[in-house]
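Asks: give me a model of this one.
(6 chains)
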Protein chains: 6
Amino acid sequence: MTQESSRGAGRRYDDILGPTGSRLADSAGLGSLWLSRNGDGPLPSATDIKRIISLCRSLVFPGFFGNDHTTGRNLPFYVGLWLEELRSLLTAQIGAGFGFNGAGASAHDTARSLADSFIERLPEVRRMLLADATATYNGDPAAESVNEVVFCYPGLKATANYRFAHELYRLGVPVVPRMITEMAHSETGIDIHPGAEIGEGLMIDHGTGVVIGATAIIGCRVRIYQGVTLGARSFPTDADGNPIKGIKRHPVIGDDVVIYSNSTLLGRITVGTGAVIGGNLWVTSDVAPGQRITQTPVPATPINDNNNGNNIE
Amino acid sequence: MTQESSRGAGRRYDDILGPTGSRLADSAGLGSLWLSRNGDGPLPSATDIKRIISLCRSLVFPGFFGNDHTTGRNLPFYVGLWLEELRSLLTAQIGAGFGFNGAGASAHDTARSLADSFIERLPEVRRMLLADATATYNGDPAAESVNEVVFCYPGLKATANYRFAHELYRLGVPVVPRMITEMAHSETGIDIHPGAEIGEGLMIDHGTGVVIGATAIIGCRVRIYQGVTLGARSFPTDADGNPIKGIKRHPVIGDDVVIYSNSTLLGRITVGTGAVIGGNLWVTSDVAPGQRITQTPVPATPINDNNNGNNIE
Amino acid sequence: MTQESSRGAGRRYDDILGPTGSRLADSAGLGSLWLSRNGDGPLPSATDIKRIISLCRSLVFPGFFGNDHTTGRNLPFYVGLWLEELRSLLTAQIGAGFGFNGAGASAHDTARSLADSFIERLPEVRRMLLADATATYNGDPAAESVNEVVFCYPGLKATANYRFAHELYRLGVPVVPRMITEMAHSETGIDIHPGAEIGEGLMIDHGTGVVIGATAIIGCRVRIYQGVTLGARSFPTDADGNPIKGIKRHPVIGDDVVIYSNSTLLGRITVGTGAVIGGNLWVTSDVAPGQRITQTPVPATPINDNNNGNNIE
Amino acid sequence: MTQESSRGAGRRYDDILGPTGSRLADSAGLGSLWLSRNGDGPLPSATDIKRIISLCRSLVFPGFFGNDHTTGRNLPFYVGLWLEELRSLLTAQIGAGFGFNGAGASAHDTARSLADSFIERLPEVRRMLLADATATYNGDPAAESVNEVVFCYPGLKATANYRFAHELYRLGVPVVPRMITEMAHSETGIDIHPGAEIGEGLMIDHGTGVVIGATAIIGCRVRIYQGVTLGARSFPTDADGNPIKGIKRHPVIGDDVVIYSNSTLLGRITVGTGAVIGGNLWVTSDVAPGQRITQTPVPATPINDNNNGNNIE
Amino acid sequence: MTQESSRGAGRRYDDILGPTGSRLADSAGLGSLWLSRNGDGPLPSATDIKRIISLCRSLVFPGFFGNDHTTGRNLPFYVGLWLEELRSLLTAQIGAGFGFNGAGASAHDTARSLADSFIERLPEVRRMLLADATATYNGDPAAESVNEVVFCYPGLKATANYRFAHELYRLGVPVVPRMITEMAHSETGIDIHPGAEIGEGLMIDHGTGVVIGATAIIGCRVRIYQGVTLGARSFPTDADGNPIKGIKRHPVIGDDVVIYSNSTLLGRITVGTGAVIGGNLWVTSDVAPGQRITQTPVPATPINDNNNGNNIE
Amino acid sequence: MTQESSRGAGRRYDDILGPTGSRLADSAGLGSLWLSRNGDGPLPSATDIKRIISLCRSLVFPGFFGNDHTTGRNLPFYVGLWLEELRSLLTAQIGAGFGFNGAGASAHDTARSLADSFIERLPEVRRMLLADATATYNGDPAAESVNEVVFCYPGLKATANYRFAHELYRLGVPVVPRMITEMAHSETGIDIHPGAEIGEGLMIDHGTGVVIGATAIIGCRVRIYQGVTLGARSFPTDADGNPIKGIKRHPVIGDDVVIYSNSTLLGRITVGTGAVIGGNLWVTSDVAPGQRITQTPVPATPINDNNNGNNIE
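Replies: Numbers count the residues shown, from 1 in each chain, chains lettered A, B, ... in the order given. I've put the predicted structure just below:
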């Protein structure tokens, strides 16, 4: 490096990197975001939560996710070590979650007790996910085996994460459940809020763009296709114009309902048992049990003009 | 750890971890899922299939994916080693795929022979993907070079995975092709079934939410935008209410067709050469060659009531 | 390996791997793609650009992304080292970007100067992202804290990548900005072109399928839901039928506008300040300030016929 | 890169890298070394053998080597998985070892059977190593606990590797045993040939420079200090001047013998039970049981001359 | 796998792996070794102690060990983060060390306080090591710069580890100091007990085989060459024949002494200031200040007999 | 953490970590060591030099070191990529070496030219190492094949590093050669200065403790055993008492000489062709060609007194 360019580097440092670093290192610039962190305590760790998801998936469907070497003989060994690791990681993340949300750091013992309660639910979660996988196999002519569903279908991955997260959500664990479902959202394009209540036998096919809101209730053996939204209508706001939180605002879906792709269901409406919602519908009122509704075809307009189409780049 | 909390841990272990572990380690809880695994043989490995995809991408577009150091001089060295590694990994995964689907473990020699047949097709796959990339550059005013398309466009990544998977699908390899396209689905939000038949010069722009079904047929130089579904109408079910598998049930798209964003085409309909499907359309019957159809604008209703809109949270 | 199978392997090598390798190693098969690479210079590195994104996120929201150990005391140390690493990596990638696009390898000093200009903007980018996060918290009843928004919401991740990329785009850096936004696209399903101009206080909720085009302009405090497209109508083509590049072709959105899920806005239209676009709308003409439009409900048709629905597999 | 330097690089490539590469890639330059390799079969893998050593150490002294998390509860799980991994890796390395030495590739089943025989010996190896550790604790005033010996003492690490390697050596496994003891040699400076026969209760203290030859026999409860050689006298050569292999040529050491540092014992001599060999001795004939020998002090010469000392740089 | 070989594997499992696993998983086979572990608490971690050594070396000689990127500007950032990491790791290892030696788990606060005391000594340790490096440069005609000594000389690495370990030893930390010096022993062949007391300006050249015992005392500016032992004579034993621990039993070396290669000094003798011990000497009594002693050459015997030499294989 | 302990942490930070960090971050404490670094330029990287050694070993003995997958077919591919990587890494390290020694940063072109000259020598280095391996096989009755020598013998590893380092030393590269031989020293206990000149056919057996000084000259087909020193006598000092550098001060060893274990040869003496030096000898004067010398046995003294032996702990 020549003397001159070295001096140049010095000037840049003094003019740019130094002052910029000072501004970025000043936590005041982060406002309440910094203050509401967990003091100097640990934040939830995305890395550890990814490992927690991987362990839960392995425990529920050994060999299908993340580990290729399970056999009948060694399964008890793997399960034993996975459970220990899960308990340790989950205890720490639950503790970090409490601290993170400003609710006061949870005592380690409380966090461990919650982790144990979660673990105790895993056999039941497996049972439900097995029902989900079987329902998916039965509902998709392209599926060649239940194994293929567990191995390949994003719908099952998102449902698994949701079921794990929902158990933690019911236990009152903050933040961590949402991180778990958002990781599935990133992986699959399927966004299920951990607060939703969903019966067994759920099939989500293709799934990209599916959104299921925080207060939605879904029965058993429901089938949902890509792009379906179970959303809220506009919500009441308080005096400051901010939304009032905690209101039941998403649909209630009965057993054995089918909702085809890209349909949108809004508000606290009820869709009765066995109803079928065709594709691309916009539904804002109740649908009776057994009712089958479909889109009245919008007449497409043949056009000849090259530059006047509603084409999207 | 105090004596007491230690005893507490012991109780928890005996009451929770121990019994839960026993239930999870009991493969009977997995039902036929466990039995239909590949005995104690290896399952397909997501890690190895990711590496296979990476190798195929590198072989087809060296330097653009996964390796920054290829030059004119060293390309033959890299290609030589990549081919060896690909052959070895692919042979093992094809073998695992056969075992996985319960079709009986393929003899190693058969799997290697299929891997070789796949490899032999790679130059042709490259030629098609190059046509895809060029078509994308020509079809998108925002694209600054063909290079940028190969480097950045999710549509090309999904198309590449599809083309690799389709070659394996044609060779009768189970499960692995689906894993390859689902990996692209996760990466790009574009879900192309490996069974679809797609001509060269395909452009998929933006792409999130695109679904192309297992029996779809697509001609050459077709352009498809985000949210487009080439799906099936409801399918016939057998006596048990389960779908009958193996029926041709997705659209046939001619050469030079354009399908704009969020349109849904359903059933074994035919879209003729050069037709243009505008955005947001719902198409369930044939479209003639050269025909251009567009949405008849739905009149939007101005409203004033704050809380009665069809707004979605 | 028996003698015979060994000979078999030899035949396969000579017949398949060898010739296929030769064809794949022949850069002529890559046409102009190979020639327009950066000579034998380095291509942009996806690995390094991922690290650049991680560093930028850490600098803007320390502790929330990628590093769990920042505290009030050590923040200046981390910031100091992150800035150095960012400067070094970014300088190299900017240089590679220039070479890649065939614009001639940028001198190292120019690239470093651009990297410094980028770094100098980071405090302002942090201020805007903080406004984005606060707006998201205020706009979503399901959000429990601003912290949760920063930690979990894909909308914020995509907005962050966009804001980083936009700064580089404004500095004229080729390819790298697009890689940065496409990485967010893959992670979140939200596709924002780095060329778009977006004011602070942006909220994107759920977000899967959102597309914001290269010449879109968006004001402050705008809310956008999943599946919204701000796209172009069909564009003029030149004599060869290829699109003419560089035309303003995407919507202009005013301050305080809300666009609900799955609506499509096309062309260089203007949506006035404070307007509200309901869900599922198809908008191709201007919307006045303060105007609220909503879908006129399409009457759903109850049906009884099992095999005639517009159902999508 | 300027045009000129680029051409310079080309010249260098053509003149140097190219031709050098051709010479190095020509296996003829490796002579019989290349030909006597395992055909194109796998060579023994240093990485896998390191893992094998680590597994054996963990199995024998769980928690002390390589894994910090064993507890009373999880030990059976770890042991179960370690044994499986050990069996798999060892089977492969034994196979490679047979191929390597030109003895013909061992059938997989033979190699697995040898691996099983090795594994079956591990409890006995543990018992001997425990005796070694206890003897070391008793023999070294600086040792504070048996635990410390297992954790820290290089002598115990080298003895462990020797005992593992010796079991394989007895089973007739080629090359691999030597690799195992050479890894300890590198780690500790202690070089024990796997062919030596050594009773339990061995203590090697400090150990650097210890050499124990291939046909040495050592009884129980023997103590050996740094720099001790149990070597061969010069050996008979054949007509070509090369050494005749396979002759018994190293010392036989009785029970309870102590050999202090830097002493050299040469040839097929016998050191009787309970004998004590002082430091720095040169011993080429038998030592009677119970005999204690020590160096007759060499009178050191005081000197005054600065440049005439037998000093070593 | 054929049916038969599968049954074969089963038999092997039942006969060998299963019973062997049971024996190895039975901690009773480990006797007091298992019982005297830290309960189920963590054992000291070799990985973490390696990192502690690396951090200490980096703090003392930044840039020379383990990190290539320190500059004048970023040194404070690195030092800040290194100190934090060191404090955290060292606190945990000190705690594990107390538990390990059965002395009862140290309260976390005590361990942290000891870690802080250690850290506070690092500037003084740097000063001493700088003196060691300078002395080595001055003492070795082959050394080209002090930098080279710090970068390359094993003597300096072993001395650094000793000085770190000695500080911990003085603070009463169990096991960890010994692990630190044994890691240097493995790396360099130089075995210095952490209990030894060594003044500044120490030079150890080449160093392989050097042993410095636990109660040795060494003055300032001493030079020691390869193979030198500062050991104990045979030690008194108790009624059971075990050595009595804690007795001063190694030499005391004055300032400015030089001890040439392969000499052995035994027992609590005193070597006076400025004395020079020639190579290969056996010294068991005091040496006066300033005295220079050298070996009286042993007359080598010319021989002619081919097979009667004292040759060592 | 309670309020109090938090304050305690604060005090500790202010009293200890803060001030200690300031002292350690003050490069003035490093004196000339810091100033004589390569400015803020990169120091030689131990990691990269380890990789360089691994590449050189692979190039010389493909498959034997670090890579298990070379075959006759793929060898040219590996060699091509290894050479490229070696050239790039070596160029950078040579440049760093020049900067490090204060000789002024070498222009990149000069460093690359030296790297090329080194690479050009590799076929000759292979030829010499092959001769070394063959000589070792012929000289050791315990060696079962030349392959085993290359795979397992530390002597060959140390010789390989020496031969690589010596080529760089001859080219005038600073520091890097010494780092390469010191890495072998750590791995094998064999310390060969890169400046020594050693003919082909060298055998070093066992090797721990061997020291070969900077100006030693060794002929062809020489055999050396563990603990042998080829050192310097005390060296002349300048007016300040520091050694005068650059004087020829180590032995000259003729062809076909054998030096048995633990013998020490000092000063610029000459050992004639074919001479044999027995073990444990102290040689400070010339030995005639063909002469065979051996130790006159020192009479060992039988003793009976338990506590008076010259025993070493």
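
Asks: tell me the mean pLDDT for the host helix or strand of A:Leu114?
Replies: A:Leu114 is part of helix A:108-120 when elements are defined by DSSP states H and E. The average pLDDT for helix A:108-120 rounds to 92.

Asks: same check, this time on stretch A:256-270
Replies: For stretch A:256-270, mean pLDDT rounds to 95.

Asks: follow-up on the earlier one: do the very next helix or strand once past the helix holding A:Leu114 and chain B meet at all?
Replies: Heading C-terminal from helix A:108-120, the first helix or strand you meet, by DSSP H and E, is helix A:122-139. Yes. Helix A:122-139 reaches chain B (C-beta under 8 Å from any C-beta of the partner chain) through A:Leu122, A:Pro123, A:Arg126, A:Arg127, A:Leu130, A:Ala133, A:Asn138, A:Gly139. C-beta coordinates here come from the backbone N, C-alpha and C atoms, glycine included.

Asks: which residues does the fourth one contact?
Replies: What that stands for is A:Arg127. A:Arg127 makes contact with A:Glu200, B:Gly29, according to C-beta atoms under 8 Å, 6 or more residues apart in numbering or on different chains.

Asks: can you tell me how far it sits from chain E?
Replies: Going from A:Arg127 to chain E by C-beta to the nearest C-beta, to the nearest Å gives 30 Å.

Asks: from A:Arg163, how far out is that residue?
Replies: Using C-beta to C-beta, to the nearest Å, A:Arg127 is found at 10 Å from A:Arg163.

Asks: which positions in stretch A:154-165 come out as buried?
Replies: Burial within stretch A:154-165, assessed by neighbour count using 16 or more other C-beta atoms under 10 Å in any protein chain shown, is assigned to A:Pro154, A:Gly155, A:Leu156, A:Lys157, A:Ala158, A:Thr159, A:Ala160, A:Asn161, A:Tyr162, A:Arg163, A:Phe164, A:Ala165.

Asks: which one of those residues sits closest to chain B?
Replies: Nearest to chain B, judged by C-beta to the nearest C-beta, of these is A:Pro154 at 6.3 Å.

Asks: quick one: residues contacting that closest one.
Replies: Under the criterion of C-beta under 8 Å, 6+ apart, the neighbours of A:Pro154 are A:Glu187, A:Thr188, A:Gly189, A:Ile190, A:Ile204, A:His206, A:Gly207, A:Thr208, B:Glu182, B:His185, B:Ser186.

Asks: and if we set it to 10 Å?
Replies: Shown in contact with A:Pro154 (C-beta atoms under 10 Å, 6 or more residues apart in numbering or on different chains): A:184, A:187-190, A:204-208, A:210, A:226, B:182, B:185-186, B:191.

Asks: report how many residues lie close to A:Gly168.
Replies: Quick fix: residue A:168 is Leu, not Gly. When counting by other C-beta atoms under 10 Å in any protein chain shown, one arrives at 27 neighbours for A:Leu168.

Asks: next, work out how far apart the residue nearest to it when sequence neighbours are not counted and chain D are.
Replies: Leaving aside its sequence neighbours, A:Leu168 sits nearest to A:Pro177 (C-beta to C-beta, 6 or more residues apart in numbering or on different chains; 4.5 Å). Distance from A:Pro177 to chain D, counting by C-beta to the nearest C-beta: 27 Å.

Asks: tell me the domain boundaries of chain A?
Replies: Following automatic domain parsing, one gets these domains for chain A: A:42-189, A:209-303.

Asks: between these, which one is nearest to E:Arg233?
Replies: Proximity to E:Arg233, assessed across the domains of chain A by C-beta to C-beta, is greatest for domain A:42-189 (50.3 Å).

Asks: ok so, going back, ok, the buried residues of stretch A:154-165 vs chain F, which is closest?
Replies: Taking C-beta to the nearest C-beta as the measure, chain F sits nearest to A:Ala165 out of the buried residues of stretch A:154-165, at 29.1 Å.

Asks: quick check, pLDDT for that closest one.
Replies: A:Ala165 is assigned a predicted lDDT (pLDDT) of 98.

Asks: A:Leu86 reaches A:Val60, doesn't it?
Replies: No. Checked against C-beta atoms under 10 Å, the pair A:Leu86 and A:Val60 is beyond contact range at 11.3 Å.

Asks: quick one: low-confidence residue ranges for the stretch 51-200 of chain A.
Replies: Applying pLDDT under 70 to the stretch 51-200 of chain A flags the ranges A:66-68, A:100-106.

Asks: rerun that using 90 as the cut-off
Replies: Across the stretch 51-200 of chain A, the ranges flagged by pLDDT under 90 are A:62-74, A:96-110, A:141-145, A:147-148, A:151.

Asks: just the helices in it please.
Replies: For the stretch 51-200 of chain A, applying DSSP state H, counting those that start in this stretch gives helices covering A:75-100, A:108-120, A:122-139, A:146-152, A:154-170, A:176-188.

Asks: can I get these in CSV with distance to A:Val283?
Replies: Below are these laid out as CSV (distance: least, C-beta to C-beta, whole Å):
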stretch, distance to A:Val283
helix A:75-100, 35
helix A:108-120, 35
helix A:122-139, 21
helix A:146-152, 28
helix A:154-170, 21
helix A:176-188, 23
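
Asks: nearest to C:Arg23, out of those?
Replies: helix A:146-152 (31.7 Å).

Asks: packing partners of that closest one?
Replies: Identification of packing neighbours for helix A:146-152 by 3 or more C-beta pairs under 10 Å, 6 or more residues apart in numbering or on different chains; DSSP states H and E yields helix A:122-139, helix A:154-170, helix B:32-35, helix B:75-100, helix B:176-188.

Asks: tell me the buried residues in the shortest one?
Replies: The neighbour-count check on helix B:32-35 (16+ other C-beta under 10 Å) flags B:Leu33, B:Trp34 as buried.
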